[in-house]
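> Fold the following.
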Amino acid sequence: MGSVISFPILSYFVLPAMTSYSTSFNLLLFAINWYILLLTHPPLRVELIGIALVRILFYLLPGLIFLAFDGLLPSLAVALKAQGDLALPRRSNRKRQGQIVFWSIFNLTLSIAIQASLELLLTKVLLFRSSLSLSKRLPTPYHILKSMAILLVARVCLQYLIHRFVLHNTRSTVTQSFARMHILWQHSLPAPYSLIASYDHPVAYLFHNFLPLYLPAWLLRTHLLPFLFTLAIVSLEECITYSGYSYIPSAIVLPGMARRVDNHFLVKGQGNFAAFGMLDWISGTSVGNDLVDDMKAEWDTKHGNEKVVETVDGAQGFAEGVGEKLKKGGRRRKGSGKS
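Got it, this is the predicted structure:
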């Protein structure tokens, strides 16, 4: 607990965002705090505390807030849900809701424990280097963004392949048991709501949620910072797209992803195997609107609004021109009357 409340760990997450100094000074401050953090704490502790904080702040706490909102104000929440009453937790079955929350938190904890075990196996038993880079030298912003893009693309591809060909493949004798786990657990619910992203059989959860992000990071030995930033994006994406809400403050990406997750549950896993939708569109496994449909709709909405604005501006200009002509005509008639 002392590591969490110590100055270096707090400054690592909070200080650069809270100060009013220049960007260069903030980056320097960040680099110094990172160096101090690794000097004063074991690398494995830094890694695990960082992962736990990201998961709690960007997934667990928002998910619990959404769940409390759904449970305490169901009449208001149902109006915001894409599937209406289907996407509300059932008050009549409190025991089931407690099980969902328990297994969701258990799976998050299990993934962190497995990552810690793998790191201990690599560094203490096999005497290899850690799976993630914990260099005291910070990567440049370019390398951070590049690593994040690679991890996100790799995660989408792996998640699609695992979700389609392992967790929903009941024809193969090799994958039948995995598919049965996933269907009996997560797909026992008619529609997604908060914390359902991590509610699954632990084995299915590790295949679907943990492996697609951790495996590319391990193969590339990604630095911890871009890994944590990517994990924050992934955690927030899972929390929002599995919330069941239809009104999401985003132009195109998140609302479309949430709709695809909803449709995946409605058809019992017959399509939409990745929330982003690109691989489903390429493979022909989209259900409902795909990514291209969302982009077209956004394009039409944007340019339709622009046309409306142009029309209004044109009408306003025309009206002003007519008004000027009428004023000039009135002045001429007055002038001719005086003469």
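
> now for whichever strand or helix holds residue 32, which elements pack on it?
Taking DSSP states H and E as the criterion, residue 32 maps to helix 23-40. Under the contact definition 3 or more Cβ pairs under 8 Å, 6 or more residues apart in numbering; DSSP states H and E, helix 23-40 sits against helix 7-13, helix 15-18. (C-beta placed from N, C-alpha, C; glycine too.)

> The ones you listed: lowest mean pLDDT?
Of all the helices and strands packed on helix 23-40, helix 7-13 carries the lowest average pLDDT, namely a mean of 46.

> so after the helix holding residue 32, what's the next helix or strand?
Following helix 23-40 in sequence, per DSSP H and E, is helix 43-55.

> can I see the domain layout of the chain?
With domains defined by automatic domain parsing, the chain comprises 1-41, 43-289, 292-339.

> Can you mark which positions in stretch 72-82 are buried?
Across stretch 72-82, burial judged by 16 or more other Cβ atoms under 10 Å covers 74, 77, 78, 80, 81, 82.

> Run the chain-centre distance for it.
22 Å (Cα atoms, centre = their mean, to the nearest Å).

> ditto for stretch 185-197
17 Å.

> what mean pLDDT does that stretch have?
92.

> Please list the outside residues in contact with that stretch.
For stretch 185-197, the external contacting residues (Cβ atoms under 8 Å, 6 or more residues apart in numbering) are 59, 62-64, 66-67, 70, 81-83, 86-89, 100-101, 103-104, 199-201, 204, 209, 238-239, 241-244, 261-262, 265-266, 268-269.

> Now do the helix holding residue 32 against helix 43-55, angle only.
Helix 23-40 runs at 130 degrees relative to helix 43-55, counting by axes from the mean of the first three to the mean of the last three Cα atoms, to 10 degrees.

> what is the rounded mean pLDDT of helix 23-40?
What helix 23-40 shows for mean pLDDT is 73.

> Please list only the buried members of the contacts of stretch 185-197.
59, 62-64, 66-67, 70, 81-83, 86-89, 100-101, 103-104, 199-201, 204, 209, 238-239, 241-244, 261-262, 265-266, 269.

> on that earlier part again, looking at the domains of the chain, which has the lowest confidence?
The minimum mean pLDDT among these belongs to domain 292-339 (a mean of 55).

> In stretch 190-206, which residues are buried?
191-202, 204-206.

> Please report how far the residue positioned nearest the centre of the chain lies from residue 49.
Centrality entry for the chain: nearest residue to the mean C-alpha point is residue 237, 1.3 Å, by Cα atoms, centre = their mean. In this structure, residue 237 and residue 49 are 22 Å apart, going by Cβ to Cβ, to the nearest Å.

> for residue 258, same thing?
Taken as Cβ to Cβ, the span from residue 258 to residue 49 is 31 Å.
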